[in-house]
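# just coords:
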């Protein structure tokens, strides 16, 4: 006897049977009862019980025209896995199995039968519960999956090409001013977050760059700090995974920055303290992350997830305005702009691959350039302006 349940759709009862095909893949079969929902629950339950007993799973692989879009998505995800980063795969998997598959599975939409209207309806439904940015991520998965179906000649055209994506909300960065920064430095002193906060605020480092920083990247003779190694994390099937790699978000993110005296002195102190902990702990010291800067007294890595979880707790404990750890990067940029540093230099400092990225995020903060523009216009139109005064 197969598993099954009743599903309500358009004021009618449907029987949904769950079974495994010859390859062990989970599939569903929807059967109409023709019964209106009102007053027919017992009849529908009796039909469900009968269907569960008498249903015989098909013994042949369904034709492409019968393959559900939801089943295809799960198959495609495994095909795409070797071609994308592990963090991207984890994100795709979470969106696919948690949101996209359940929606289309319930509607029994096939791969060859999916229409732009079906996808558009999905986006409209999701916008009732999540932001446009999330729906844009769903679109990326659906579009890529259907693009592959076109590539292998299952579809003639990609229906996702004809769908209107929602407009992404304008991003406005949050940031701390110099006074708030000083308060944050004081609040973090002596905690595991002290070094991550200093590096994130002064150099505008991303969380993955902070955690991935190693002693070999610090040149105390030339007083430089090089970003070339990152540590990221992701969740897959309920387990947390950490990836350390000699790569950065983009090629431009690989950069060498000057090691200023204050940060240099702090890092030297941390390095000496680590030596003490290594001697004290002996064999108990975690050697896996030896050489990394952001570790606890036992050698355990201060993980990206730890920073994300404890940073807001630190702010709340010290009555500081709530921002994200990544907003320290924005705070760094805003302070650079406030002190007259050109946008191009800020792009290089932050490691943005494209100048437009820097400009789009921080142009509204660049008030000094507006003053310069106003003065230039005033000078150029001085004669004309004198007539209106």
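Right, received. Where do you want to start? Note that the coordinates shown come from a computational prediction; the quantities given were computed from them, not determined experimentally.
# which stretches of this protein have low pLDDT?
Applying pLDDT under 70 to the chain flags residues 22-23, 58-65, 170-171, 249-250, 252, 353-389.
# Repeat the analysis, applying 90 as the threshold.
In the predicted model, the chain carries pLDDT under 90 at residues 1-39, 51-67, 82-87, 152-153, 167-178, 204, 232-255, 258, 329-389.
# can you list the domains in it?
Using automatic domain parsing, the domain parsing of the chain gives 3-61, 66-162, 180-367.
# need these in CSV with distance to residue 169 and mean neighbour count, can you?
C-beta here means a position set from N, CA and C on the backbone, and glycine is covered the same way. Conversion of the domains of the chain to CSV gives the following (distance: least, CB to CB, whole Å; neighbours: other CB atoms under 10 Å):
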stretch, distance to residue 169, mean neighbour count
domain 3-61, 33, 13
domain 66-162, 6, 16
domain 180-367, 13, 16
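# Tell me which of the ones you listed lies nearest to residue 168.
Closest to residue 168 of these is domain 66-162 (CB to CB; 5.6 Å).
# Show the end-to-end separation of that closest one, please.
From its first residue to its last, domain 66-162 covers 23 Å (CA to CA, to the nearest Å).
# Point to the residue nearest the middle of the protein.
Residue closest to the average C-alpha location in the chain (CA atoms, centre = their mean): residue 91, at 7.3 Å.
# shouldn't that residue be in contact with residue 234?
Yes: under the criterion of CB atoms under 8 Å, residue 91 makes contact with residue 234 at 7.3 Å.
# coming back round to it: residue 174 is nearest to which of the domains of the chain?
domain 180-367 (4.6 Å).
# and the domains of the chain as JSON lines, adding distance to residue 172?
Below are the domains of the chain laid out as JSON lines (distance: least, CB to CB, whole Å):
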{"stretch": "domain 3-61", "distance to residue 172": "41"}
{"stretch": "domain 66-162", "distance to residue 172": "13"}
{"stretch": "domain 180-367", "distance to residue 172": "8"}
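# Give the closest residue to residue 310 in space, chain neighbours not counted.
Closest residue in space to residue 310, ignoring its immediate chain neighbours: residue 193 at 6.2 Å, by CB to CB, 6 or more residues apart in numbering.
# now residue 77
Closest residue to residue 77 apart from its sequence neighbours, by CB to CB, 6+ apart: residue 96 at 5.6 Å.
# so how far is residue 141 from that neighbour?
Computed as CB to CB, to the nearest Å, the residue 96 to residue 141 distance reads 6 Å.
# Give me the common contacts of these two.
Residues touching both residue 96 and residue 141 by CB atoms under 8 Å, 6 or more residues apart in numbering: residue 73.
# OK, contacts around the residue nearest to residue 77?
73-74, 77, 141.
# Between which two of those residues is the distance greatest?
Among the contacts of residue 96, 74 and 141 lie farthest apart (CB to CB), at 11.8 Å.
# the helices in the stretch 51-200 of the chain, which residues?
Per DSSP state H, counting those that start in this stretch, the stretch 51-200 of the chain carries helices over the ranges 69-80, 86-95, 101-106, 116-126, 132-151, 178-188, 194-202.
# okay, those helices in a markdown table with distance to residue 213 next?
Converted to a markdown table, the helices of the stretch 51-200 of the chain look like this (distance: least, CB to CB, whole Å):
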| stretch | distance to residue 213 |
| --- | --- |
| helix 69-80 | 32 |
| helix 86-95 | 19 |
| helix 101-106 | 39 |
| helix 116-126 | 38 |
| helix 132-151 | 29 |
| helix 178-188 | 17 |
| helix 194-202 | 7 |
